[in-house]
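1. Give me coordinates for this.
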Amino acid sequence: MTHKLADIIKANNELIRNEQAGAAAHVISENIKMLQFHVATLVDNDMPGLPRFVTILCVCVCVCVCVY
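-> So this is what the prediction gives:
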């Protein structure tokens, strides 16, 4: 869930930056759609008509070597 919240914050920040920079209307529209997508998939990830959001988790394995 924290990945999804991070995506929402990133999309919102991108929207704010583009609005303040005076970006073109189509860019703002795409930012709004992306923000809506992330919020919608936070609420219900199985909504018909929307692609399913999938988080790929990376598992790191640490190897410790002891030297005597």
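2. where in the protein is pLDDT low?
-> Scanning the chain for pLDDT under 70 picks out the ranges 1, 44-68.
3. all helices of it, in order?
-> 2-21, 25-43 (DSSP state H).
4. Mind putting those helices into TSV with mean neighbour count?
-> Backbone N, C-alpha and C define where each C-beta goes, glycine included. Supplementary listing: those in TSV, determined by neighbours: other CB atoms under 10 Å:
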stretch	mean neighbour count
helix 2-21	13
helix 25-43	14
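5. so how far is Val43 from Lys10?
-> Using CB to CB, to the nearest Å, one gets 18 Å for the distance from Lys10 to Val43.
6. Check Ile9 too.
-> Taking CB to CB as the measure, Ile9 falls 16 Å from Val43.
7. Same question for Ala24.
-> Look at Ala24 and Val43: by CB to CB, they are 29 Å apart.
8. do the same with Lys33
-> 16 Å.
9. Lys4 too?
-> Where Val43 is concerned, Lys4 sits at a distance of 10 Å (CB to CB).
10. One more: Val27?
-> In this structure, Val27 and Val43 are 25 Å apart, going by CB to CB.
11. next one: Ala25
-> Going from Ala25 to Val43 by CB to CB gives 27 Å.
12. Same question for Glu30.
-> For Glu30 relative to Val43 (CB to CB), the value is 21 Å.
13. try Gly22
-> Following CB to CB, the distance that separates Gly22 from Val43 is 31 Å.
14. One more: Ser29?
-> Taken as CB to CB, the spacing of Ser29 relative to Val43 amounts to 21 Å.
15. Repeat that for Met34.
-> Met34 sits 15 Å away from Val43, taking CB to CB as the criterion.
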